[in-house]
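Colleague: sequence plus the predicted model coming up.
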Amino acid sequence: MNFSTSFLDEIRARLSVSDVVGRRVKLTKRGREFVGLSPFNPEKTPSFTVNDQKGFYHCFSSGKHGDIFRFVMETEGLSFPEAVERLASEAGVEMPAPDPEYRAREQRRSSLYDVMELAAAFFEDRLQTSDGAKARGYLQDRGVEPNVQKVFRIGTAPSSKYELKQFLTSHNISQDQMIAAGLLIAGEDISVPYDRFRDRLMFPISDQRGRVIAFGGRALSPEARAKYLNSPETELFHKGAVLFNWAQAREAAHKQGEIIAVEGYMDVIALYAAGFSHAVAPLGTALTEDQIQLLWRAVPEPILCFDGDKAGLKAAFRAVDTGLGLLKPGFSLKFALLPGGQDPDDLIRDEGGEAMADVLKSAKPLVDMLWMREVEGGDWSTPERRAGLETRIDGLIKEIKDQKIRHHYETALRERLRAFWRQQASGGRSQDKYASVQPYKGRGGEYRQTGNWQQRRGHQAPTQSLRTSSLAQSSGAKNIRRELLLLQTVLNHPDLLEQYVEEFAEIEFSRSELDKLRNGILEIAARRHPLDKDVLGDDLKTKALGPIVDGVANGLGVSKEWFSEPQAAKIDAQTGWLHVLALHRKSLTLQKELKAAERALALEQSQENFEIMQDVQRQLESVEGTEAVVEGFGEASDRYTGTDF
């Protein structure tokens with residue numbers, strides 16, 4: 001929903017920054033400003049200032065800056081519309097009436113929240129019945145006490161295919177609602193939709209306001225095909241943008257000045273039981289860019305804690321690659337590696353919470369993890385290998401978008417390399433003073449064995465032909481084309497932003513001028529509603545963005561797609577745009593995974609690493625060949641076609 005500037009200004013006029021901030025921060029008047037301790041970082045000397053005349057706050061310790069809306073978003077984890085609604089209520093300003101389409105969409109979402117809440121209560125109740133005996137036994141074996149079970153609302157799904165469906169039907173929930181909530185499995189080849197979760201331990205997944213939006217289910221039978229099963233993507237649930245336990249951990253993280261991201265549900269629960277209430281987890285996949293941004297809304301340097309095995313180390317390296325391009329002043333990632341073969345649950349049960357605290361204290365910065373991956377354990381005895389290492393590090397530095405951080409990484413890594421080469425020349429071992437990322441030491445003081453976490457010596461960097469393969473070059477060219485198509489479609493169909501403004505704001509553009517154009521479009525869209533194509537074009541010209549708009553059209557040239565043109569029907573423009581967006585996201589993810597796989601193969605030339613790299617290459621090739629074959633696509637525009645993006 002878009003808000004007019006006058007509406008937002010009315011809220012700002014009624015609520016001073018010091019009033020809003022003062023509810024969380026003890027402020028002291030100092031001249032024209034107020035000062036207090038940072039709500040974002042633990043500190044003893046106040047570095048947080050509030051200026052009511054200028055209408056903003058500034059935190060010198062974290063670099064965070066903004067108005068009352070930004071403060072509520074940062075401290076309470078709310079989205080912008082949620083922050084506006086909260087402050088409008090406090091200011092006594094009536095919210096603008098939403099358009100009918102928006103109202104219908106919100107009513108549909110509200111009904112789905114009710115469905116998910118009923119399902120969560122159903123699973124909780126079943127845990128206490130005879131159906132839940134097996135699940136209760138599992139929880140007892142894992143040391144999860146009843147009080148902790150209640151905090152996380154753990155439940156169980158019966159083995160029957162229709163019990164949840166019958167329960168929800170008895171509460172006047174339609175089958176369509178159950179399907180939309182992801183609770184039933186349905187399809188053209190399924191005559192009677194049935195319960196998705198059966199014979200599983202159930203973990204409700206909540207949004208940042210604590211509302212149940214999905215479930216994670218752990219199989220109770222060893223014969224189950226999938227040990228863990230998550231809800232599918234729904235109108236409420238987008239897996240890559242959610243963290244398990246975020247709603248509960250957010251407040252604790254602000255108080256502690258620390259947040260911990262671990263790998264699984266049971267790790268979070270074990271940490272909570274041991275006194276670490278500020279732990280979260282991604283939902284069975286590698287940490288995404290959205291999830292890292294979410295962590296940064298809590299603290300500037302979250303700790304990513306990985307299991308002490310080969311898979312854990314690979315997950316840590318994937319997080320290094322994901323985080324590298326996102327780094328911004330004051331915001332980074334720290335990494336903690338557990339003892340070999342253990343996860344947080346194991347460590348806490350074996351050695352207690354103190355051992356876990358020691359692991360977290362030993363967390364190392366991203367630059368150390370990067371150095372360890374690229375340098376430690378390698379054989380750099382020849383000039384060619386040393387040159388290869390320097391070239392690879394230069395390439396990684398270029399992935400850092402922020403100019404200042406890129407400069408400091410370049411300085412730090414070049415200094416390390418000079419010291420490392422001097423040590424090599426003097427006959428020193430390949431490890432050096434910067435090889436500081438080690439697994440947690442056991443309570444007896446000895447490093448524990450962590451499987452094959454330490455890379456073997458003697459392996460060379462990837463060959464030049466591997467790093468600059470035709471596949472990578474082809475993917476890069478298609479990335480640019482998709483980015484141009486996404487922008488061209490929005491320029492000609494700006495009404496897409498009424499429904500997909502957040503998706504548009506999150507697109508990862510490879511060129512700064514395209515990012516600048518996107519930001520200009522968003523700024524105009526926030527002020528004008530509804531947004532007309534011609535008005536948008538005129539406003540962009542006044543912002544001196546006209547040449548970039550022309551560059552988008554010229555860049556596409558004859559390769560424009562019909563659905564991006566003004567004459568295309570709205571439904572076709574929407575279908576084509578969403579398809580390109582999905583391919584763009586998938587392609588970028590796979591390209592990053594391919595880089596990680598190539599580096600892993602360079603560090604350890606095993607059959608397993610080679611097969612992983614081949615698998616990612618096959619997936620990327622498949623994505624690059626994906627065509628838009630959607631039923632009815634083009635009919636509204638008097639045409640029907642598939643298209644290759």
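Modeller: Now that the structure is in, tell me what you want to look at. Numbering: from 1, shown residues only.
Colleague: confirm that E415 sits in a helix.
Modeller: Yes. Counting by DSSP: H, G, I helix; E, B strand; the rest coil, one finds E415 located in a helix.
Colleague: that one: how many residues sit nearby?
Modeller: Residues near E415, counting by other Cβ atoms under 10 Å, number 11. No exception for glycine: its C-beta is placed from N, CA and C like everyone else's.
Colleague: can you name the residues that contact it?
Modeller: The contact partners of E415, taken as Cβ atoms under 8 Å, 6 or more residues apart in numbering, number zero.
Colleague: pretty sure W371 contacts L417?
Modeller: No. Judged on Cβ atoms under 8 Å, W371 makes no contact with L417 at a distance of 9.4 Å.
Colleague: ok, R482 to T382 distance?
Modeller: 41 Å (Cβ to Cβ, to the nearest Å).
Colleague: remind me what the lengthiest helix in the chain packs against, helices and strands.
Modeller: Using DSSP state H, we find that the single longest helix of the chain is helix 570-603. In terms of contacts (3 or more Cβ pairs under 8 Å, 6 or more residues apart in numbering; DSSP states H and E), helix 570-603 is packed against helix 310-324, helix 366-375, helix 470-492, helix 497-505, helix 607-624.
Colleague: what residues of it count as buried?
Modeller: Within helix 570-603, the residues that qualify as buried are 572-581, 583-603, counting by 16 or more other Cβ atoms under 10 Å.
Colleague: swap in stretch 147-165?
Modeller: Within stretch 147-165, judged by 16+ other Cβ under 10 Å, the buried ones are 149, 152-158, 163-165.
Colleague: what about R482 and T382, which has more around it?
Modeller: Higher neighbour count among R482 and T382: R482, with 21 against 10, using other Cβ under 10 Å.
Colleague: what about the residue nearest to R527 when sequence neighbours are not counted, how many residues nearby?
Modeller: Nearest residue to R527 in three dimensions, chain neighbours excluded: T5, at 5.9 Å (Cβ to Cβ, 6 or more residues apart in numbering). T5 sits with 9 neighbouring residues when counted by other Cβ under 10 Å.
Colleague: what of I400?
Modeller: Counted by other Cβ under 10 Å, the residues lying close to I400 total 20.
Colleague: just to revisit the earlier point, so which of the helices and strands packed on helix 570-603 gets nearest I213?
Modeller: Proximity to I213 (Cβ to Cβ) singles out helix 497-505 among the helices and strands packed on helix 570-603, at 15.6 Å.
Colleague: end-to-end on stretch 339-353?
Modeller: The straight-line separation of the ends of stretch 339-353 (Cα to Cα, to the nearest Å) is 14 Å.
Colleague: give me phi/psi at the residue nearest to R527?
Modeller: Main-chain dihedrals, T5, degrees, to the nearest 10: phi -60, psi -40.
Colleague: quick check: it touching R528?
Modeller: No. Assessed by Cβ under 8 Å, T5 is found out of contact with R528, at 10.2 Å.
Colleague: I185 contacts Y194, correct?
Modeller: Yes. Counting by Cβ under 8 Å, I185 does reach Y194; the two are 5.8 Å apart.
Colleague: which residues touch L517?
Modeller: Applying Cβ under 8 Å, 6+ apart to L517 gives the contacts 487, 540, 545, 548-549, 552.
Colleague: where's it, which helix or strand?
Modeller: helix 512-527 (DSSP states H and E).
Colleague: now swap in L304 and tell me
Modeller: Per DSSP H and E: strand 303-308 holds L304.
Colleague: give me the contacts around that strand.
Modeller: Residues outside strand 303-308 that contact it (Cβ under 8 Å, 6+ apart) are 258-263, 267, 287, 312-313, 315-316, 319, 333-344, 359-360, 363, 439-440, 448, 450-451, 453.
Colleague: how long is stretch 521-540 end to end?
Modeller: Termini of stretch 521-540 sit 7 Å apart (Cα to Cα).
Colleague: that stretch: which residues count as buried?
Modeller: 521, 524-526, 531, 536, 539-540.
Colleague: same question, stretch 550-558
Modeller: For stretch 550-558, by 16+ other Cβ under 10 Å, it's 551-552, 555-556.
Colleague: lowest average confidence, helix or strand, in the chain?
Modeller: When each helix and strand of the chain is scored by mean pLDDT, DSSP states H and E, helix 464-467 comes last, with a mean of 32.
Colleague: number of nearby residues for G143?
Modeller: Number of residues near G143 (other Cβ under 10 Å) recorded here: 14.
Colleague: check it and give its pLDDT.
Modeller: For G143, the pLDDT comes out at 90.
Colleague: that's a strand at it, yeah?
Modeller: No. Counting by three-state DSSP, G143 is not part of a strand but coil.
Colleague: compute the number of surrounding residues for the nearest residue in space to it that is not next to it in sequence.
Modeller: Distances taken as Cβ to Cβ, 6+ apart place R349 nearest to G143, at 6.2 Å, with adjacent residues excluded. R349: 13 surrounding residues under other Cβ under 10 Å.
Colleague: thinking R349 is in contact with D141, fair?
Modeller: No. Contact criterion Cβ under 8 Å: R349 and D141 do not qualify, at 10.6 Å.
Colleague: from L15, how far off is Q53?
Modeller: Where L15 is concerned, Q53 sits at a distance of 14 Å (Cβ to Cβ).
Colleague: same drill for those two, tell me which one is more crowded.
Modeller: More crowded of Q53 and L15, by other Cβ under 10 Å: L15, with 19 against 9.
Colleague: wait, that one touches I68, no?
Modeller: Yes. Between L15 and I68 a contact is recorded at 5.8 Å, counting by Cβ under 8 Å.
Colleague: quick check: neighbours shared by the two?
Modeller: With Cβ under 8 Å, 6+ apart as the test, L15 and I68 both reach L87.
Colleague: send the alpha carbons of stretch 230-237 over as PDB?
Modeller: Provided in PDB are the C-alpha atoms of stretch 230-237 (Å, rounded to 0.1, in the frame of the first residue of the first chain):
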ATOM      1  CA  ASN A 230       8.400 -27.500   5.300                       C
ATOM      2  CA  SER A 231       5.200 -25.900   4.100                       C
ATOM      3  CA  PRO A 232       5.200 -24.900   0.500                       C
ATOM      4  CA  GLU A 233       5.400 -21.200  -0.600                       C
ATOM      5  CA  THR A 234       2.100 -19.500   0.000                       C
ATOM      6  CA  GLU A 235       0.600 -16.000   0.100                       C
ATOM      7  CA  LEU A 236       1.800 -15.900   3.800                       C
ATOM      8  CA  PHE A 237       5.000 -17.900   3.600                       C
END
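Colleague: so how far is it off the chain centroid?
Modeller: Offset of stretch 230-237 from its chain centre (Cα atoms, centre = their mean, to the nearest Å): 15 Å.
Colleague: same check on stretch 385-395?
Modeller: In terms of Cα atoms, centre = their mean, the centre of stretch 385-395 is found 29 Å from the chain centre.
Colleague: show me where the stretch 1-150 of the chain has strands.
Modeller: Assigned by DSSP state E, counting those that start in this stretch, the strands in the stretch 1-150 of the chain fall at 28-30, 33-36, 48-51, 56-59, 65-66.
Colleague: what strands line up against the fourth one, and which way round?
Modeller: Right, strand 56-59. In the sheet, strand 56-59 lines up against strand 48-51 (antiparallel), strand 65-66 (antiparallel) (DSSP bridges).
Colleague: what about it, average pLDDT?
Modeller: pLDDT averaged over strand 56-59 gives 91.
Colleague: which ones among the buried residues of stretch 550-558 are found in strands?
Modeller: Among the buried residues of stretch 550-558, DSSP state E puts none in strands.
Colleague: returning to what we had before: quick check, pLDDT for the residue nearest to R527.
Modeller: The model's pLDDT for T5 equals 80.
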